[in-house]
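**Student:** Give the three-dimensional model of this entry:
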Amino acid sequence: MRISARAIVVALATALAISGANVAGTPAFASDDPTLAALTRVVPEIVEEARTVPPTVIPEGDVQRPFAAATDADHTLSASVSENEIGIGMPEASGAGSQPLPGLVTYAAKQPSVTFAHQRTGQIARALTVIHDASAPTEYRFPISAPEGSMLEVEEDDGTVLIYNNDFYLAEIDLPWAKDANGNPVPTSYRVEGMTLIQTVNHAGAAYPVVADPALKLQCEWWKAMCRVIFSKKLTSQIHSSWLYAGAAGAVKVADAACDKSKNSKIKLACKVMFAAGIAQYIYKIREAANKKQCFALRVQYPGPIVWGEVRKKSCQSK
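**Tutor:** As a prediction, the model looks like this:
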């Protein structure tokens, strides 16, 4: 009996659609993975994204670690672009991960009523917490790894957590959210202790499972044409104060010292362009940002580079 080429293609496509592979190469099915099943019920859009959005391909010259199951003791998902590498760890995860979808790795937990997942697409690295019943804890800790000189700061506007390295914005943890099986929001918030992100999820009375999602967003797609170099509120204020007491020379000295500490060559390049153009043309934006207790930013357009100053209107985030 002859089988048409079309029939063979359809059969192969069907086989691929209903199967996946974990990191060890063993078949993994949604029905066998309680974390995937829970995510499919509560956040189907994230599951679809993990199924269909391939890892970002970055042009030669920048670096991004391939997405895979974490192998370190803290189950850390690392995202690396250019010179900046950041990670979000899940120390309560347990055992080897399983990769049921191209963009998703699931993990068991030390606490039986909880499971975890990592998702990686584009600029976003997610640490998904799946709470299966009322006996689960309400507090979850995620160590953040970043270059030396980094710090976490909770943004007053909406609870987003900003990651700074030597007073320059590096990345952010998107605003906290949690959702139950009925699609209802579950009260949640962030706080920080040093370089540890702590999420509280008040899930009592919720319909289980509940999903919470600290999402790490990288600073900038440096391989694209436009980016922002964002100064911290502290550095913005220091530059402004130096201008008031020591003029342009004082402002340049403070900014230059901060730029020299940066480990990112493109931040240093943006600073050099600003100094070459003359800091005086930016001082009004710096003053406005300082008076509003916000962040001054350099917007960089490539090729060129062309640089101009702006005030982050709502917050110090990249968006």
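
**Student:** ok, now which ones touch Gln238?
**Tutor:** Counting by C-beta atoms under 8 Å, 6 or more residues apart in numbering, Gln238 makes contact with Val254. Yep, even glycine has a C-beta here, placed from its N, CA and C like the rest.

**Student:** Assign Thr40 to helix, strand or coil.
**Tutor:** Taking DSSP: H, G, I helix; E, B strand; the rest coil as the rule, one finds Thr40 in the helix state.

**Student:** Give me the three-state assignment for the residue nearest to it when sequence neighbours are not counted.
**Tutor:** Nearest in space to Thr40, with sequence neighbours left out and distances taken as C-beta to C-beta, 6 or more residues apart in numbering, is Val47 at 5.0 Å. Classification of Val47 using three-state DSSP returns helix.

**Student:** List the contacts of Val47.
**Tutor:** Here Val47 is in contact with Leu36, Leu39, Thr40, Leu101, Leu104 (C-beta under 8 Å, 6+ apart).

**Student:** What residues are bridge-paired with the closest residue to Gly95 other than its chain neighbours?
**Tutor:** Leaving aside its sequence neighbours, Gly95 sits nearest to Ala108 (C-beta to C-beta, 6+ apart; 5.1 Å). Ala108 forms beta bridges with Ser94, as assigned by DSSP bridges.

**Student:** hang on, Ala108 packs against Val130?
**Tutor:** No - with contact defined as C-beta atoms under 8 Å, Ala108 does not count as touching Val130 (10.6 Å).

**Student:** Could you name every residue contacting both of those two?
**Tutor:** With C-beta under 8 Å, 6+ apart, Ala108 and Val130 have common neighbours Thr115.

**Student:** Quick one: residues in contact with stretch 243-254.
**Tutor:** Taking C-beta under 8 Å, 6+ apart as the rule, stretch 243-254 contacts Leu235, Gln238, Ile239, His240, Ser242, Phe275, Gly278, Ile279, Ala280, Ile283, Ile286, Arg287.

**Student:** For Ser242, see how far away the first one is.
**Tutor:** Leu235 sits at a distance of 11 Å from Ser242 (criterion: C-beta to C-beta, to the nearest Å).

**Student:** More neighbours: these two, which one.
**Tutor:** Leu235 (23 against 18; other C-beta atoms under 10 Å).

**Student:** and the more buried one, helix, strand or coil?
**Tutor:** Assignment for Leu235 (three-state DSSP): helix.

**Student:** So it sits against Asp167, correct?
**Tutor:** Yes - the pair Leu235 and Asp167 qualifies as a contact (C-beta under 8 Å) at a distance of 3.9 Å.

**Student:** Which residues are in contact with each of those two?
**Tutor:** Joint contacts of Leu235 and Asp167 (C-beta under 8 Å, 6+ apart) are Ala258.

**Student:** The residue nearest to Gly95 and Ile279, how far apart?
**Tutor:** 54 Å.
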